[in-house]
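*Asks:* No letters, just coordinates:
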Ligand SMILES: Nc1nc2c(ncn2[C@@H]2O[C@H](COP(=O)(O)OP(=O)(O)OP(=O)(O)O)[C@@H](O)[C@H]2O)c(=O)[nH]1
């Protein structure tokens, strides 16, 4: 859309400010690193700590002062650079490996390994294997041998895909998203139209922000701060107003939040070096499985080793879908043959396989059916606790909540329920490519108190990218 159409969109009640910015942001973020380095070259010798290098494409001349201090957009290298979190000296609750488990016994998964998942021998590194937990009404025998033998390697097996290098991905995203054009100048237009900002205009701005799912608290805060700043500025000079708005939006999004992902091997309290375990949770259809697959590709491209766990046993096709994602990049998927198998058992076996294979990361996909809060809490709590039984007192490193950015208030409601069910460490906002609700970034971060770490920008296999607050805000402003 032509940026000049924004005023018309806003006037028409389109709520296009944060709205369109969400799509446009992706375009700008992909240019962010380059712009920033160019800007910093032009102005100061600010160091690009990301080590990000070349990004193709011409940079249009930019007159605004607004982006002069914008840091380079985070690269995957930045995002995956999280040092192993120092586990607390206290073993995680219910993770003590030698204590008898009080968990309900976990059904054997009848694991169907893909590719070379090791045979299920007794594993000295996982002494509290759930299936050997004290008997309960659900007690089950120890896990059976895999129901299906690992398939021998086929000589004519299809070649593994090589995920795009992140730099290439950025270029491609930029090309694709640039078609949506830079939008979001609506509010700036309202604030700088020359006749002063009257109450009706403020009401219009408020409505625009609310429609963009910024949420009532953030909307109030932004309006209050903007009113104050514009009064102090005593001008509706577009550059000054733009800078004020940029700063206020950045404050709301909070660039200081740590958006890195725990994706390295780490020390358990007993000194054992173990994979980082990532749990992916969220309502069905939000894009969990897809995101697990995309993330696996990113990790493989970054030369990390990965095991996937298909603990979404609710939907048989989900395990198949995940296995396909994994096999395309040579990553094993631990899954159960039985539809409706105990997701916690699959999670446990995934962790055990990851430990045996000495991988960097185990990513576990869950079903997270939202029948009711108690059911969800029970299921996710159990998956987490059982996964942690194999971790020598360490904890699951990340619990990532996947939210569909197009679901607005519904998505917010789901986010609240999930965050009560399990401690979330980060948010993945999917489908930002198709959203009219860019404000959800602010809303969900404030509500849950954890950062948006990654965003999904399409259905393509490599359409996942680290979240870049500065690039996002610049896109909102139609930069
Ligand atoms: N446009 C767009 N589509 C996406 C994105 N991420 C996922 N999708 C699509 O969303 C749909 C649902 O994705 P899944 O990964 O199956 O969702 P899920 O949460 O695992 O769903 P269940 O397995 O039913 O729990 C698929 O068609 C994906 O291609 C994104 O960032 N943008």
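*Replies:* That came in fine, so what should we check first? Keep in mind that this is a model prediction, so the values were computed, not measured. Numbers count the residues shown, from 1 in each chain.
*Asks:* State the number of residues packed around residue 290.
*Replies:* Applying other Cβ atoms under 10 Å, we find 22 other residues in the vicinity of residue 290. C-beta: built from backbone N, CA, C; applies to glycine.
*Asks:* which residues touch it?
*Replies:* By Cβ atoms under 8 Å, 6 or more residues apart in numbering, the residues touching residue 290 are 325, 430, 456, 459.
*Asks:* Also residue 162?
*Replies:* Going by Cβ under 8 Å, 6+ apart, the list of residues near residue 162 reads 301, 329.
*Asks:* how much space between it and the ligand?
*Replies:* Residue 162 sits 21 Å away from the ligand when distances are taken as Cβ to the nearest ligand atom, to the nearest Å.
*Asks:* On the three-state scheme, that residue is what?
*Replies:* With DSSP: H, G, I helix; E, B strand; the rest coil as the basis, residue 162 sits in coil.
*Asks:* ok, the residue of the stretch 351-479 of the chain found nearest the ligand to residue 223 distance?
*Replies:* Closest to the ligand within the stretch 351-479 of the chain is residue 456: 2.4 Å, counting by Cβ to the nearest ligand atom. In this view, residue 456 and residue 223 are 30 Å apart by Cβ to Cβ, to the nearest Å.
*Asks:* Pick out whichever of the two has more residues nearby.
*Replies:* More neighbours surround residue 456 than the other of residue 456 and residue 223, with 26 against 16 (other Cβ under 10 Å).
*Asks:* That one and residue 292 touch, don't they?
*Replies:* No - between residue 456 and residue 292 there is no contact under Cβ atoms under 8 Å: 11.4 Å.
*Asks:* Mind telling me what element the spatially closest residue to residue 222 that is not a sequence neighbour is part of?
*Replies:* Nearest non-adjacent residue to residue 222, counting by Cβ to Cβ, 6 or more residues apart in numbering: residue 248, 5.5 Å away. Assessed by DSSP states H and E, residue 248 sits inside helix 238-253.
*Asks:* Which parts of that helix count as buried, going by neighbours?
*Replies:* 238, 240-246, 248-253 (16 or more other Cβ atoms under 10 Å).
*Asks:* Enumerate every residue touching residue 201.
*Replies:* Contacts were defined as Cβ under 8 Å, 6+ apart; by that measure residue 201 touches 190-191, 193.
*Asks:* just those residues: which has the poorest pLDDT?
*Replies:* Lowest pLDDT among those: residue 193, with 71.
*Asks:* What spatial separation is found between it and residue 374?
*Replies:* Separation of residue 193 from residue 374 (Cβ to Cβ) stands at 52 Å.
*Asks:* quick one, which of these two is more surrounded?
*Replies:* For residue 193 versus residue 374, neighbours defined as other Cβ under 10 Å are more numerous around residue 193 (13 against 9).
*Asks:* what's the distance between that one and the ligand?
*Replies:* Applying Cβ to the nearest ligand atom to residue 193 and the ligand gives a distance of 35 Å.
*Asks:* Name the SS class of that residue, please.
*Replies:* The three-state assignment at residue 193 reads coil, by three-state DSSP.
*Asks:* so what's it up against?
*Replies:* Each residue near residue 193 by Cβ under 8 Å, 6+ apart is listed here: 201, 236.
*Asks:* Mind pulling up the pLDDT for residue 408?
*Replies:* Here, the pLDDT recorded for residue 408 equals 82.
*Asks:* Please identify the helix or strand for residue 326.
*Replies:* Using DSSP H and E, residue 326 sits in helix 316-328.
*Asks:* Let me know how buried residue 357 is, in neighbour terms.
*Replies:* 17.
*Asks:* The closest residue to residue 269 other than its chain neighbours: neighbour count?
*Replies:* Leaving aside its chain neighbours, residue 269 sits nearest to residue 393 (4.2 Å; criterion: Cβ to Cβ, 6+ apart). The tally of other residues near residue 393 (other Cβ under 10 Å) stands at 20.
*Asks:* likewise residue 367?
*Replies:* 24.
*Asks:* Ok, residue 317 next?
*Replies:* 10.
*Asks:* In contact with it, which residues are there?
*Replies:* Contacts of residue 317 by Cβ under 8 Å, 6+ apart: none found.
*Asks:* Likewise for the one 4 residues further on?
*Replies:* Remark: with contacts taken as Cβ under 8 Å, 6+ apart, residue 321 is in contact with 289, 293.
*Asks:* Also residue 454?
*Replies:* In this structure, residue 454 makes contact with 79, 261, 291, 295, 400, 426, 428-429, 464-467, judged by Cβ under 8 Å, 6+ apart.
*Asks:* As a markdown table, these with neighbour count and secondary structure would be great.
*Replies:* Below are the contacts of residue 454 laid out as a markdown table (neighbours: other Cβ atoms under 10 Å; DSSP: H, G, I helix; E, B strand; the rest coil):
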| residue | neighbour count | secondary structure |
| --- | --- | --- |
| 79 | 21 | helix |
| 261 | 27 | coil |
| 291 | 24 | helix |
| 295 | 25 | helix |
| 400 | 23 | strand |
| 426 | 22 | strand |
| 428 | 26 | strand |
| 429 | 29 | strand |
| 464 | 24 | strand |
| 465 | 27 | strand |
| 466 | 22 | strand |
| 467 | 26 | coil |
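*Asks:* Roughly how far does residue 333 sit from residue 462?
*Replies:* Going from residue 333 to residue 462 by Cβ to Cβ gives 19 Å.
*Asks:* and residue 375, that's in a strand?
*Replies:* No - counting by three-state DSSP, residue 375 is not part of a strand but helix.
*Asks:* Number of residues surrounding it?
*Replies:* Around residue 375 sit 12 other residues, with neighbours defined as other Cβ under 10 Å.
*Asks:* before we move on, what about residue 356?
*Replies:* 17.
*Asks:* Tell me how far it lies from residue 349.
*Replies:* According to Cβ to Cβ, residue 356 and residue 349 sit 10 Å apart.
*Asks:* Give me the common contacts of the two.
*Replies:* Both residue 356 and residue 349 lack any common contact, where contact means Cβ under 8 Å, 6+ apart.
*Asks:* Determine the three-state secondary structure at residue 344.
*Replies:* Of the three states, residue 344 takes helix according to three-state DSSP.
*Asks:* which residues touch residue 403?
*Replies:* 282, 286, 411, 414-415, 427-430, 440, 444.
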